[in-house]
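Enquirer: Could you look at this predicted model? Sequence included:
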Amino acid sequence: MKIRFALFFLLLLLSVNHLFAEGGNFEFTVIIENKTPQNHDGVAYISQISNGHAPYVYQWSKTDVALNSDTATGLHEGKKYSVTVIDRKGNSATKYFRVIPMNASEKLNHFFGILVDATASVLMVDVFALCNLYDPILYNADGNPRLHPNGTPKKTSIPLIVVWLFLGAIFFTIRFKGINFRGFIHAIHLIRGVYDNPKDKGEISHFQALSTALSATVGLGNIAGVAFAIGIGGPGATFWMIIMGFLGMASKFTEATLGVKYRRINSRGQISGGPMYYLKYAFGTKGVPKKIGNLLAILFAVLLVGSSLGGGNMFQANQSFENLKLMIPELSTLGMEFGFVLAILVGLVIIGGITHIAKVTSALVPFMAGVYLITSLVIIGMNISHVREVAELIFRGAFHAESVYGGFIGVLIIGVQRAAFSNEAGIGSAAIAHSVVKTNEPVSEGIVALLEPFIDTVVICSLTAFILLFTGFYTPEYTSQLQGAQLTSEAFGSVFPWFRWVLLLAILLFAFSTLISWSYYGLKGFDFLFGNVFERRFGNRQISDTVYRIIFLSFIVIGASSTAGNVIDFSDMMLLCMAFPNIIGLVLFSPRIKKDLDTYWRKLKTGKIKKYS
C-alpha cells in the first residue's frame, strides 16, 4: 500500500513539473533594431524560444506580417506593437515592444503619428459598426472571414467624415432642387464669358477661377487614389464614385456662392474670401452668437494652413519625386535637388499673386487635362471590344458586389470616399479661389463651381478607372502586386510602353498645379490669422505673405527629400477636419442661399442679368 502511494505521489510530481515546464516557462525574446535614420524601417525578430514545441506560429499586431514569419519589418518608430508566439501544443506567450526613435526626424514622425491616431479615432470612427448596425468583417465566397497575413479578419469601415460629406451633398442637392443638373448648361455659358460684365468687381474671370480651383483638386488622387479604390472596392466602386461626383456639385455650388457673398476687400484692393470669412461675418446675422463664428473661422484657417503645407505641398512634392524615381532610378538620391528645382518653379508663379496663378492655371489645366483625356481615350479605344464587359462589371459590382470587396456597403463606401477626397466638395478650400472672381452675383460663381466635381471626378477619376478596367488591371492578380500610381502606370504601358512617360508627365503637371493653387489657399489662411499682427507690428501686411511663401517653398524641399509619412498623414487629417466647421456653416446659411438662387433665376429670365458676348 505504501509502495503504491509513493509511486502515485512520484507520478503526480512528475506531471506537475512537466506541466510547468511546458506552459509556465514558455518564453521568448524580441530583438529590436533601428539601424538607419529613415522613418518606418524598424525591425523586430524572435529569438531564444525556450520550453516550447516547434513549429511555432507568430502573430504580430502588424497586419501585413505572415503567421510563419519570425521577423517583422517596416515598423514605425515609437509605435507600440505586440507579438504572440504559439507552439504546436497550443502554449502561447505575448510580448509588447516599441522601436525607439533615435533621431529628430523619427521623434517628430512619432509625435505626429500620435496626433494622426487621435484624429483618426474621431474622423474615421465607424458609428454604424459601434452600434452593431452591420457586420464590418469581410468574407470570401465560402462564407469564411478574409484574413490579413497575420491571421486577423479584414474589415470594411464607414468613416464618420465620409458620412458627413455624403449627407451634406445629398442635403444640398435636395435643398437647391438639383442645381447640380439644372445649372450645368448655364455654367458653360458663364465660363465662356457670355455674362461677363467688365464693370464687376474682382480680380480674375469665371474661367480662371474654375481653373485655379481645379488645379488644386486634380492631382495624384485622380491617378493613384482611384487605383487604390479599384483595388480595394473592385469595379463597382467606379459607379458610386461617379454618383458622389454628381452629388458633390451641389456642395461646391453652396460654398462658392458664400465665398463670393461674404468676401472682403483690404486696403490694397485685394479680395479675400472663403469659409473663414463667411463663418466669421455671417454667423452674427443668423441669430447664432458671433463668437461661435469667430471660433469656427479661426479653426478653419489653422486647419487650412496645416493642410496647405502637407497634403497641398509635401505630399505632392514627395509623390511626384517617388514616381520620377520609378521611371529614372538614377535620380533616386537627388530628392533635395528635385525639391529645390520644384520650389523655384513654384516660386516664379506664386510671387505674382492670384492673377499670375490664375493665368498659369488657366493655360495649364486645359493642357494637362487634355493630355490625360486624349491618352485615356486612345487606350479605351484600343480596347473598345470590352465595353459591354466593363459596363457589366461596373453595374454588377455596384449592386451585387462580391464579398471579397466588402459587399454592397464596402463598395459604396470606397467609391464615395474616393470621390469625396478627390474633389474636396464640402471641404471649403475651393471657395477661396472662387471668391476673387469678377462678378457682382455670388450665385453665378456658385454655378460655375459646380463644374469642378464633374470635371475632377466624373471625367478624370472615371477615366483612370476605365483604363484599369478596359486593360484588365483591376483583378487581384495585379492589385495584390501593384498599388496606386504603379498600377495605373502598368495599365498605360500595356498599350504603348512609352505611355508610361505620358502618365509621368501628367503626374508632374498635376502635382505642380496643386502646389501653386494650395500656396494661395494657405496664404489666405495665414493672412487671416496673422495679417493684422504683421500690419500692426511692421506697418506692412505684405510681410505676412512673404513669410508664408518662404515657409511654403521650404516645405517643398522637405517633402521631396524626406519620408516623414506621419507629418503628411496628419496634414491630410487636417484637410478632412475642415469639412466639419465648413458644412455647419453651409447648412445654417442654406436658406439665404436658396433665396439668392431664386432671385438670380428670376433676374436671368427677365433679362436683368445681361449678356455681354
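Expert: Perfect, I can see it now. Numbers count the residues shown, from 1 in each chain.
Enquirer: Pull out the buried residues from stretch 527-546.
Expert: 527, 528, 529, 530, 531, 534, 535, 541, 543, 544, 545 (16 or more other Cβ atoms under 10 Å). Any C-beta I mention is one placed from the backbone N, CA and C, and that applies to glycine too.
Enquirer: sorry, that was for stretch 155-174
Expert: Buried residues in stretch 155-174 (16+ other Cβ under 10 Å): 155-162, 164-166, 168-169, 171-173.
Enquirer: Looks like residue 508 contacts residue 320 (just checking).
Expert: Yes: at 5.4 Å, residue 508 counts as touching residue 320 under the criterion of Cβ atoms under 8 Å.
Enquirer: Looking at those two, which is more packed in?
Expert: Ranked by neighbour count (other Cβ atoms under 10 Å), residue 508 and residue 320 place residue 320 first, with 27 against 17.
Enquirer: and that one, what helix or strand is that in?
Expert: Using DSSP states H and E, residue 320 maps to helix 315-327.
Enquirer: Check the offset of that helix from the chain's centre.
Expert: Mean-position distance between helix 315-327 and its chain equals 17 Å (Cα atoms, centre = their mean, to the nearest Å).
Enquirer: That one - contacts with which helices or strands?
Expert: Packing partners of helix 315-327 (3 or more Cβ pairs under 8 Å, 6 or more residues apart in numbering; DSSP states H and E): helix 335-350, helix 484-493, helix 499-538, helix 542-561, helix 565-577.
Enquirer: Grab the most central residue of the chain for me.
Expert: By Cα atoms, centre = their mean, the chain has its centre lying nearest to residue 421, at 4.8 Å.
Enquirer: From residue 172, how far out is it?
Expert: Using Cβ to Cβ, to the nearest Å, one obtains 18 Å as the distance from residue 421 to residue 172.
Enquirer: what helices or strands is the helix or strand in which residue 185 is found leaning on?
Expert: Per DSSP H and E, residue 185 falls inside helix 184-191. On a contact count with 3+ Cβ pairs under 8 Å, 6+ apart, helix 184-191 meets helix 206-217, helix 442-449, helix 451-453.
Enquirer: Could you break the chain into its assigned domains?
Expert: 21-102, 160-386+413-606 (automatic domain parsing).
Enquirer: Would you map the strands across the stretch 51-200 of the chain?
Expert: Along the stretch 51-200 of the chain, the stretches classed as strands by DSSP state E, counting those that start in this stretch are 57-60, 71-75, 80-86, 92-98.
Enquirer: Taking strand 80-86 as reference, get the angle to the second one.
Expert: Spelled out, that is strand 71-75. For strand 71-75 against strand 80-86, the angle by axes from the mean of the first three to the mean of the last three Cα atoms, to 10 degrees is 170 degrees.
Enquirer: tell me what strand 71-75 is packed against?
Expert: By 3+ Cβ pairs under 8 Å, 6+ apart, strand 71-75 packs against strand 42-50, strand 80-86.
Enquirer: For the ones you listed, give me JSON lines that also has mean neighbour count and mean pLDDT.
Expert: Converted to JSON lines, those look like this (neighbours: other Cβ atoms under 10 Å; pLDDT from 0 to 100):
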{"stretch": "strand 42-50", "mean neighbour count": "16", "mean pLDDT": "90"}
{"stretch": "strand 80-86", "mean neighbour count": "17", "mean pLDDT": "93"}
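Enquirer: give the contact list for residue 499.
Expert: Contacts for residue 499 (Cβ atoms under 8 Å, 6 or more residues apart in numbering) come out as 375, 379, 492, 493.
Enquirer: Touching, residue 397 and residue 229? I think so.
Expert: No: at 11.8 Å, residue 397 does not count as touching residue 229 under the criterion of Cβ under 8 Å.
Enquirer: who has more neighbours, these two?
Expert: Remark: of residue 397 and residue 229, residue 229 carries more neighbours, 28 against 25, as counted by other Cβ under 10 Å.
Enquirer: For that one, list the residues it contacts.
Expert: Neighbouring residues of residue 229 by Cβ under 8 Å, 6+ apart: 237, 241, 414, 415, 417, 418, 465.
Enquirer: got it, and residue 292?
Expert: residue 283.
Enquirer: secondary structure element for it?
Expert: Assigned by DSSP H and E, residue 292 belongs to helix 290-309.
Enquirer: Dump the C-alpha coordinates for that helix into CSV.
Expert: The C-alpha trace of helix 290-309 is given here as CSV (Å, rounded to 0.1, in the frame of the first residue of the first chain):
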residue,chain,number,x,y,z
LYS,A,290,-20.8,85.8,-33.4
LYS,A,291,-18.2,84.3,-31.0
ILE,A,292,-19.0,80.9,-32.3
GLY,A,293,-18.5,82.1,-35.9
ASN,A,294,-15.1,83.6,-35.0
LEU,A,295,-14.0,80.4,-33.3
LEU,A,296,-15.0,78.3,-36.3
ALA,A,297,-13.3,80.7,-38.7
ILE,A,298,-10.0,80.6,-36.7
LEU,A,299,-10.3,76.8,-36.5
PHE,A,300,-10.8,76.6,-40.3
ALA,A,301,-7.9,78.9,-41.0
VAL,A,302,-5.5,76.9,-38.8
LEU,A,303,-6.5,73.7,-40.5
LEU,A,304,-6.2,75.3,-43.9
VAL,A,305,-2.6,76.4,-43.3
GLY,A,306,-1.7,73.0,-42.0
SER,A,307,-3.3,71.3,-45.0
SER,A,308,-1.5,73.6,-47.4
LEU,A,309,1.9,72.6,-46.0
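Enquirer: Now do that helix: distance to the chain's middle.
Expert: A distance of 19 Å separates the centroid of the chain from that of helix 290-309, by Cα atoms, centre = their mean.
Enquirer: from what I can see residue 184 touches residue 453, true?
Expert: No: under the criterion of Cβ under 8 Å, residue 184 makes no contact with residue 453, lying 11.6 Å away.
Enquirer: Determine the number of other residues adjacent to the closest residue to residue 62 other than its chain neighbours.
Expert: What sits nearest to residue 62 in space, not counting adjacent residues and going by Cβ to Cβ, 6 or more residues apart in numbering, is residue 72, at 5.4 Å. Look at residue 72: counted by other Cβ under 10 Å, it has 25 neighbours.
Enquirer: how close does residue 72 sit to residue 45?
Expert: Separation of residue 72 from residue 45 (Cβ to Cβ): 7 Å.
Enquirer: That'll do, ta.
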